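**Q** Got a sequence here, can you build the structure:
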Amino acid sequence: MQAAQLKVFLAKLKSEPLLQSQLTAEGADIVSIAKVASLFIDSNESTAEAVVELSDQEIQEQVFDALSKRNNPSISPIIIWAALLTVLLILVGVFLNLKY
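**A** Numbering: from 1, shown residues only. From the prediction side, this is the model:
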C-alpha cells in the first residue's frame, strides 16, 4: 500500500461507520481490510509520497492511531465533576426532605 493511498483511506475512515466497525471487530485483519478498501479509493497524489510503499506494521499502526482518536472523545474532567456534584446535591436534597 502506498503512503498516499493510506492517507486517503484514513481520511475516508473518519466518515465511514461501516468501515470503522469492520476494523474494530474482534479478529479483524486490519492490514488486509485497509489494503482492499484502498483499492476502491481514488488517490490523485503524484508526489514522491505516492510511490512510498508502507510496511504492514506501518499500516496497522496508522489505522490503530486513527481508530483510537475516533473512539476516545475527550470529556472534560470539569463536566464529570459537575455531573457528580449535581447527583450528590440531589441525593442530599432528597435525604433532607425525607428526614424532616
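
**Q** what does the element among helices and strands of the chain having the smallest mean pLDDT contact?
**A** One helix or strand of the chain scores below all others by mean pLDDT, DSSP states H and E: helix 56-71, with a mean of 77. The contact list for helix 56-71 (Cβ atoms under 8 Å, 6 or more residues apart in numbering) reads 1, 6, 10, 13-14, 20, 23-24, 30-31, 34-35, 54. (C-beta placed from N, C-alpha, C; glycine too.)

**Q** Swap in 10 Å and give it another go.
**A** Identification of contacts with helix 56-71 by Cβ atoms under 10 Å, 6 or more residues apart in numbering yields 1, 3, 5-7, 9-11, 13-14, 17, 20, 23-24, 29-35, 38, 52, 54-55.

**Q** By residue count, what's the longest helix in this protein?
**A** Taking DSSP state H as the criterion, the chain has its longest helix at helix 77-99.

**Q** That one - what's its average pLDDT?
**A** Averaged over helix 77-99, pLDDT sits at 84.

**Q** for that helix, packing partners?
**A** Here helix 77-99 touches no other helix or strand, going by 3 or more Cβ pairs under 10 Å, 6 or more residues apart in numbering; DSSP states H and E.

**Q** separation between Lys14 and Val8?
**A** 11 Å (Cβ to Cβ, to the nearest Å).

**Q** about what we covered before: how about the longest helix of the chain as CSV, C-alpha atoms only?
**A** This file holds the C-alpha atoms of helix 77-99, laid out as CSV (Å, rounded to 0.1, in the frame of the first residue of the first chain):
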residue,chain,number,x,y,z
PRO,A,77,-12.9,16.5,33.8
ILE,A,78,-14.9,19.6,34.8
ILE,A,79,-18.0,18.2,33.2
ILE,A,80,-17.6,14.9,35.0
TRP,A,81,-17.1,16.6,38.4
ALA,A,82,-20.1,18.9,37.7
ALA,A,83,-22.3,15.9,37.0
LEU,A,84,-21.1,14.1,40.1
LEU,A,85,-21.7,17.2,42.2
THR,A,86,-25.2,17.6,40.8
VAL,A,87,-26.1,14.0,41.7
LEU,A,88,-24.6,14.4,45.2
LEU,A,89,-26.6,17.6,45.7
ILE,A,90,-29.8,15.9,44.5
LEU,A,91,-29.2,13.0,46.9
VAL,A,92,-28.6,15.3,49.8
GLY,A,93,-31.8,17.3,49.0
VAL,A,94,-33.8,14.1,48.8
PHE,A,95,-32.3,12.9,52.1
LEU,A,96,-33.1,16.2,53.9
ASN,A,97,-36.7,16.2,52.6
LEU,A,98,-37.2,12.6,53.8
LYS,A,99,-35.7,13.3,57.2
